[in-house]
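> My questions are about this predicted structure, shown below with the sequence.
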Amino acid sequence: MVKSIKKTTTVLMLALVLMLAMAVPAFANPYNDYNYYFEYDGAYHAHSSSYIAANATVSGGNVTITLSGNYFPEVEVGGVTYSGVYDSGTNTTKLTFPGSSSAPIDLSLHVVVAPWHNTWYPLTLVWG
């Protein structure tokens, strides 16, 4: 009888662990593999989000995002403009600006694809 209870308890514990392991991805970002994505006019924006190249980092009251390509010379947050830093070796641009991961961040992203396109896009960085 005791052997049967131990076996049942072990099986139940394994089932619980398996259920929890399967539930974790349900809370992950549904749009990409990174810890944030972009919204435009309150809805997920696939085009802007497709340029995300790495997870955002938060340190010392600043957020750093990494985007693919040399199309993002600057970002505006809270009325202040912050310059991007392009790395030709990785073909990515890093943008650092004030913020935290406790709430979405409204920003304007400057996108330049010379000579055809030079526009500021009002986006929201949403943590996912």
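Here it is on my side, so go on.

> which residues of this structure score low on pLDDT?
1-28 (pLDDT under 70).

> who's in contact with stretch 117-128?
28-32, 34-40, 42, 45, 48, 56, 63, 65, 76, 99, 101, 104-112 (Cβ atoms under 8 Å, 6 or more residues apart in numbering). In this view, the C-beta of every residue, glycine as well, is placed from N, C-alpha and C.

> Apply 7 Å and report the result again.
29, 31, 35-40, 45, 48, 101, 104-112 (Cβ atoms under 7 Å, 6 or more residues apart in numbering).

> again, but for stretch 91-110
By Cβ under 7 Å, 6+ apart, the residues outside stretch 91-110 that reach it are 53, 58, 61-70, 72-78, 82, 84-86, 120-127.

> Any idea what residue 65 is bridged to?
Residue 65 forms beta bridges with residue 95, as assigned by DSSP bridges.

> Run a quick neighbour tally on it.
Residues lying near residue 65 (other Cβ atoms under 10 Å) number 28.

> From residue 127, how far off is it?
Residue 65 is 11 Å from residue 127, where distance means Cβ to Cβ, to the nearest Å.

> same check, this time on residue 44
Taken as Cβ to Cβ, the span from residue 44 to residue 127 is 13 Å.
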